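S.K.: How does the following fold in three dimensions:
(chains A and B)
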Amino acid sequence: MRMSRMFSKTLREAPNGADTKGYEYLLRAGYIRQMGAGIFSLLPLGYRATEKIKAIIRSEMEAIGAEEMEMPVVNPADIWKETGRYYSIDKEMSRFKDRNNRDMVLAMTHEEAVTDIARGEVDSYKRLPRLVYQIQTKWRDDPRPRAGLIRVREFTMLDSYSFDKDAEGLDKVYKDHYKAYFRIFSRCGLPSIAVGADSGMMGGKISHEYMYLSPIGEDTIIYCPECGYTANRQIAKFRKEYFPEEMKAIEKKATPESKTIEALAEYLGIDPRKTAKCVFMVGSFINDKNGEEEDKLIVALVRGDLEVEESKLSNAVRANALRPAHEEEIEACGMVPGYASPIGAKGDFICVVDETVANSNNLVAGANEAGYHYLNTNFGRDYNGTVADIASARDGFACPVCGKPLKASKGVEIGNIFQLGTRYSEAMNCTYQDENGKQVPVVMGSYGIGVGRLLACLAEEYNDEGGLKLPVSVAPYQVHLVSLVKETEIADKIYEDLQKAGIEVLYDDRKETAGVKFADADLIGIPLRITLGNRSLKEGKVEVKIRETGETTSFLLEDIAEEIKAEIAREQAEIDRNIVNKTLD
RNA sequence: CGGGUAGUAGCGCAGGGGCUAGCGCACUUGGUUCGGGACCAAGGGGUCGGAGGUUCAAAUCCUCUCUGCCCGACCA
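M.R.: Sure thing, here's the model as predicted:
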């Protein structure tokens, strides 16, 4: 491509709001442009980079036997009503009516669509297993888009769907994806880890998220450097320590100005872990069949030294959504905020107690009277509720597997894989006839990678003061030919020769000064830069600079295509050498 | 959806009741330069986010509204 004819231009200054390096460079180099909150265009450079990513994805998906297809972005609402997600998903899914007043949705994922198709295609065990994928646009009306392509509303996603006879089949294809995803990310040059995850709205059982560890990430990953345990904090476990003792008689005590655990512990001169912390949420429960919604107060108790993990709590009570409770809602059940506990509470609420509270004795808890707490409360004796793990794992807590201290790190979710089971096939009657002539629901899995987000993470991982420096496997071009000489003949010739040799060339034939051309080359970050200038041309040579290392060499004009090819091959080989082949056991 | 902050030229910003709305970069033309964001000269480009109001007079004050960004809630 001749830069004199390139659609985009580079920006010297970062547009307001570009607050991470990767995002700033993608904008300045002309890879992407913003159109609205969470809505971006891929300019030719960005488009080429994502096409490279897609090609890698395709080759790895084909390698595990997946077939590419494409499903519509607009779905009739009917299929979403069948699974109930029409009702259980809130405003994140956009809805509209067509001219005949039929309910339609913009699909934010394609379990419904693919299951609808599959129930017509899959009729016998002989037609299983099956595996399809698409790389397609999703619209999710996220309430808070952020950080450029990291969190957007419209995005391109690889999504694949597997159909199996049974759990063993699903297990195999799940493992295939587990491995393929590591290969995809590593072929793009992006370091990633897989962590156990919450399945959220997907509703399956087993799931993993692929994380790019970075401070710009929004997820917190809990991991054990000792034994390798990893999980999203939303579901991360940790080894809990209990301090059982003889139950003592409950006793009411004045505790003025002790609305928080810290204040309470200090006033009583005790360790926070001798208290029970009470957190109030309101869960909304949506009927999958008709969309009717019911709100219920949830009282969650953890030991005073711990925090409540909302997603764990949400899973424990099977709520569709949780929000903090208002004071009136708490008071309506006879509890006093700041001095609250389920003891003596009345009305309709769900009490969930963390194991740490259930297995501790004589904890201090609220007396539901301003300024008073109870000493020596005991779960089971003084109040009841569901026991579950609802405490949040933190940095330094003990690993659930080996007991060594856990670490916490921020990460960006770049992919996830779900074992769906029969959640969708049962709801949508997607069954096959087995060897015994019986109709059995198909066992499904779904798997996804955010393509744009992957590019954003790569831009975050590969940059320096000058701009981007994407790996050769995903860079929009392989070589950036910068001509500094007036006469165009030699440069044109090199440009053509390189193209004939099958090399992707960005050719800076603009009438710009050397400084501008070099700065733009650094910004765009093509892995190799050929400099054609009078200095070396006198000796019949050109210079080649490696963007990543800054290393410069020079070659004879006639060798240039060959040398460039060799260098590209070297860089590609380096990436191939580092392909991660990790299996799930 | 709550809190904060900002909308003035393509990008970054200044101006905060008064006369023709500025600056840097980018852009156009001419000339000089020509290996790390050149220089000189002459230019083009704005309904100051939108609507309503106050005023002799509004980019500037008031009301409403839209939009972006950040934090939180939320989410993949």
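
S.K.: where do the helices sit along the stretch 101-250 of chain A?
M.R.: For the stretch 101-250 of chain A, the helices defined by DSSP state H, counting those that start in this stretch cover A:111-121, A:167-188.

S.K.: and residue A:499, how far is that from residue A:491?
M.R.: 13 Å (CB to CB, to the nearest Å). Every C-beta, even on glycine, is put in place using the N, C-alpha and C of the backbone.

S.K.: residues contacting the residue nearest the centre of chain A?
M.R.: The centre of chain A sits closest to residue A:413, judged by CA atoms, centre = their mean, with a distance of 2.2 Å. For residue A:413, the contacting residues are A:209-211, A:217, A:219, A:450, A:453, by CB atoms under 8 Å, 6 or more residues apart in numbering.

S.K.: Equivalent analysis for residue A:19, please.
M.R.: residue A:147.

S.K.: Does it belong to a helix, a strand or coil?
M.R.: Of the three states, residue A:19 takes coil according to DSSP: H, G, I helix; E, B strand; the rest coil.

S.K.: With residue A:366 instead?
M.R.: The three-state label given to residue A:366 by three-state DSSP is strand.

S.K.: Go through the contacts of residue A:413 and name the one nearest RNA strand B.
M.R.: residue A:450 (4.3 Å; CB to the nearest atom of the strand).

S.K.: any idea how far residue A:414 is from the residue lying closest to residue A:192 once chain neighbours are set aside?
M.R.: Among residues not flanking residue A:192 along the chain, residue A:185 sits closest, at 4.3 Å (CB to CB, 6 or more residues apart in numbering). Separation of residue A:185 from residue A:414 (CB to CB): 7 Å.

S.K.: quick one: common contacting residues for the two?
M.R.: Counting by CB under 8 Å, 6+ apart, the contacts common to residue A:185 and residue A:414 are A:192, A:210, A:212, A:454.

S.K.: Who wins on neighbours among these?
M.R.: residue A:454 (30 neighbours; other CB atoms under 10 Å).

S.K.: Next, the angle helix A:167-188 makes with the host helix or strand of that one.
M.R.: Per DSSP states H and E: residue A:454 is located in helix A:451-461. With axes from the mean of the first three to the mean of the last three CA atoms, to 10 degrees defining the directions, helix A:451-461 sits at 40 degrees from helix A:167-188.

S.K.: Show me what the residue nearest to the centre of chain A is bridged to.
M.R.: With DSSP bridges applied, residue A:413 shows beta-bridge pairing to residue A:211.

S.K.: Residue A:58 sits in which helix or strand?
M.R.: Secondary structure assignment for residue A:58, by DSSP H and E: helix A:44-63.

S.K.: Can you name every helix or strand that that helix contacts?
M.R.: Packing partners of helix A:44-63 (3 or more CB pairs under 8 Å, 6 or more residues apart in numbering; DSSP states H and E): strand A:67-68, strand A:130-139, strand A:154-164, helix A:167-188, helix A:451-461.

S.K.: which one of the ones you listed lies closest to residue A:481?
M.R.: Each of the helices and strands packed on helix A:44-63 has some distance to residue A:481 by CB to CB; the shortest is helix A:451-461, at 22.8 Å.

S.K.: Any part of the closest one near RNA strand B?
M.R.: Yes. Helix A:451-461 reaches RNA strand B (CB under 7 Å from any atom of the strand) through residue A:453.

S.K.: for the residue nearest to residue A:412 when sequence neighbours are not counted, what are its contacts?
M.R.: Nearest residue to residue A:412 in three dimensions, chain neighbours excluded: residue A:217, at 4.2 Å (CB to CB, 6+ apart). Counting by CB under 8 Å, 6+ apart, residue A:217 touches A:211, A:410-413.

S.K.: can you rerun that using 10 Å?
M.R.: Neighbouring residues of residue A:217 by CB atoms under 10 Å, 6 or more residues apart in numbering: A:147, A:150, A:211, A:409-414, A:457, A:460.

S.K.: again with residue A:381
M.R.: The contact partners of residue A:381, taken as CB under 10 Å, 6+ apart, are A:247, A:250, A:361.

S.K.: now, which of those sits nearest RNA strand B?
M.R.: residue A:361 (31.4 Å).

S.K.: how about the residue nearest to the closest one when sequence neighbours are not counted, what does it touch?
M.R.: Nearest non-adjacent residue to residue A:361, counting by CB to CB, 6+ apart: residue A:245, 5.0 Å away. Residue A:245 is in contact with A:360-362, A:376, counting by CB under 10 Å, 6+ apart.
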